[in-house]
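*Asks:* Fold the following and give me the result.
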Amino acid sequence: MHKNLAHASLHILQRDLCFNICKLESSYLCNSEVTDMEERIKNNILLHLSYSCQFWMKHLQWTPF
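*Replies:* Modelled structure (predicted):
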């Protein structure tokens, strides 16, 4: 099961991650300086992408080789 989840997570990361995913006007601002950061995250980072970013390594660790 974890092997399949690791593979699926890595596929999602490869397919869905992109530069400036939240469409920030400047990369020089700290996250705390972006007034609508929470809204940008909610609108631009889908739940399956967020999950994959957080847990791909755990699934890989739990995969027997």
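
*Asks:* which residue ranges form the helices in the protein?
*Replies:* 2-16, 37-44, 47-61 (DSSP state H).

*Asks:* Which among those is found nearest to residue 30?
*Replies:* helix 37-44 (9.6 Å; Cβ to Cβ). The way it works is simple: take the backbone N, C-alpha and C, and place the C-beta from them, glycine included.

*Asks:* quick one, the closest one and helix 47-61 angle?
*Replies:* Interaxial angle of helix 37-44 relative to helix 47-61 (axes from the mean of the first three to the mean of the last three Cα atoms, to 10 degrees): 80 degrees.

*Asks:* Return the distance of helix 37-44 from the chain's centre.
*Replies:* Chain-centre distance of helix 37-44: 12 Å, with Cα atoms, centre = their mean, to the nearest Å.

*Asks:* For it, which residues meet the burial criterion?
*Replies:* Counting neighbours by 16 or more other Cβ atoms under 10 Å, one finds that the buried residues in helix 37-44 are residue 40.

*Asks:* What's the mean pLDDT across it?
*Replies:* What helix 37-44 shows for mean pLDDT is 97.

*Asks:* What's the local residue count around the closest residue to residue 37 other than its chain neighbours?
*Replies:* Closest residue to residue 37 apart from its sequence neighbours, by Cβ to Cβ, 6 or more residues apart in numbering: residue 31 at 5.4 Å. By other Cβ atoms under 10 Å, 11 other residues sit near residue 31.

*Asks:* Which one of the helices of the chain lies nearest to residue 23?
*Replies:* helix 37-44 (6.7 Å).

*Asks:* which outside residues touch that closest one?
*Replies:* For helix 37-44, the external contacting residues (Cβ atoms under 8 Å, 6 or more residues apart in numbering) are 21, 22, 23, 24, 31, 34.

*Asks:* May I have it as CSV, with CA atoms only?
*Replies:* Output of helix 37-44 as CSV, limited to C-alpha atoms (Å, rounded to 0.1, in the frame of the first residue of the first chain):
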residue,chain,number,x,y,z
MET,A,37,-1.6,34.3,1.7
GLU,A,38,-4.1,32.0,3.3
GLU,A,39,-6.6,32.6,0.5
ARG,A,40,-3.9,32.2,-2.2
ILE,A,41,-2.9,28.8,-0.7
LYS,A,42,-6.5,27.7,-0.5
ASN,A,43,-7.2,28.7,-4.1
ASN,A,44,-4.0,27.4,-5.7
